[in-house]
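> Need coordinates for the following:
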Amino acid sequence: MNYSDCLKYLDSLGQELHGLHWGLETITKILAGLGNPHLKYPTAIVAGTNGKGSTAAMLANILRHAGYRTGLYTSPHLVRVNERIRVNGGEIGDDDFAQAFTEVRQVVEELMERGRLGQLPSFFEFLTATGFHYFAQVGAGFVVLEVGMGGRLDATNVTQPSVAVITNVGLDHVDFLGSSLAAIGREKAGVIKPRAPVVSSCEQEEAAEVIRQRCADLGAELIETSSFGWLWGLQSLQGHYLFNLCLDADCFSSLSSPLRGKFQVKNAVAAVTAAWRLSQDGFAKPARLSSKACKARLGRGGWKKFWTIRWFCSMARIIRRRLGRWRSLFRKS
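You can find the predicted model right below:
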């Protein structure tokens, strides 16, 4: 199939919620047929009613400038379906998309012929499988996944994430997720996995309590950004907010949210906190955090326009300090 054929096939499936399969069985079988590409790189998953897209993009960019070949999977797209699948800030090319999508379709057709799939995968399942497959093909070193809807049964929720992020919980998709904050919170908390760290910026108490209980049940470390960190020096600069943030004993100075609006500060804090938590588990390559990286921009794509010099410099400083502590411990042992 060429790129145009792929788009026509996708159109025949309908958009997003059309043909939605509420479960992980279909996506799991497709990925198994592809050789389980989603297990070939570490991941972070970001769920929430609002802010999950920008939080995922910020986290992916931090990881990119920490030296990782970083994949980012988001939805929906604004103009082109390619926007959903990015590596190091760049959209998947038309030819690469066609190749990966065609290989996914071939696996699907084989499974259908063998009676392994009871129904054709949905629009979202096809694209999610294509994203996972492509990230493995290009050798991604880390992949950040934005949940499509809910979390527990979303097609993205098939990995063992190195960190899970929940931005907030509101009354969204009530026909699918439930009519209360607690019910919707349970669906979004489904991205939490046993003993995997969780960063939550959920401020709705009814949903926050559900997240706390889920973490307790699974032995997952929970970091609630509202009480864990110390944010000060907040000031507006033409709609972009500057702030300082301390996490445990580590402080980030003069951070700047790349997107306009005070509410984006919460998303930025969630992204930094998730990156900080990953750094404690060894996800960092400080030697590659150069001055060039500190001056880099986020790249192409509408609302994800740019990052600031101060942001990357602060991330570089904190990760370098962390690595220095690890080296000291290794030398002592």
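
> Now the closest residue to residue 162 other than its chain neighbours. Its backbone dihedrals?
Leaving aside its sequence neighbours, residue 162 sits nearest to residue 42 (Cβ to Cβ, 6 or more residues apart in numbering; 4.7 Å). C-beta coordinates here come from the backbone N, C-alpha and C atoms, glycine included. Main-chain dihedrals, residue 42, degrees, to the nearest 10: phi -70, psi 150.

> do the same with residue 70
phi -110, psi 130.

> Residue 257 versus the closest residue in space to it that isn't next to it in sequence, what's the distance?
Of all residues not flanking residue 70 in the chain, residue 64 sits nearest, at 4.2 Å (Cβ to Cβ, 6+ apart). Using Cβ to Cβ, to the nearest Å, residue 64 is found at 18 Å from residue 257.

> Residue 188 now?
23 Å.

> Where do the helices of this structure begin and end?
Ranges of helices in the chain, per DSSP state H, are 3-13, 25-33, 52-65, 94-113, 123-137, 174-177, 181-188, 205-218, 225-228, 264-280, 291-294, 309-332.

> pLDDT value on residue 143, please?
Looking at residue 143, its pLDDT reads 98.

> Show me what it is bridged to.
On the basis of DSSP bridges, residue 143 is bridged to residue 43, residue 71.

> What is the burial count for it?
By other Cβ atoms under 10 Å, the residues close to residue 143 number 29.

> pretty sure it is in contact with residue 135, am I right?
Yes. Residue 143 sits in contact with residue 135 when judged by Cβ atoms under 8 Å, with a separation of 5.1 Å.

> what's the overlap in contacts for these two?
41, 71, 73 (Cβ atoms under 8 Å, 6 or more residues apart in numbering).

> so the first one sits right up against residue 73, yeah?
What it means is residue 41. No. Between residue 41 and residue 73 there is no contact under Cβ under 8 Å: 11.8 Å.

> which one of these two has more residues nearby?
Neighbours around residue 41 and residue 73, counted as other Cβ under 10 Å, are more numerous at residue 73. The numbers are 25 against 19.

> In this structure the more buried one contacts residue 146, no?
Yes. In this structure, residue 73 is within contact of residue 146 by Cβ under 8 Å, at 6.4 Å.

> Pull up the overlap in contacts between those two.
With Cβ under 8 Å, 6+ apart as the test, residue 73 and residue 146 both reach residue 156.

> how many other residues sit next to the nearest residue to residue 23 once chain neighbours are set aside?
Spatially, and ignoring its direct neighbours in sequence, residue 23 is nearest to residue 153 (5.5 Å; Cβ to Cβ, 6+ apart). Using other Cβ under 10 Å, residue 153 has 18 other residues around it.
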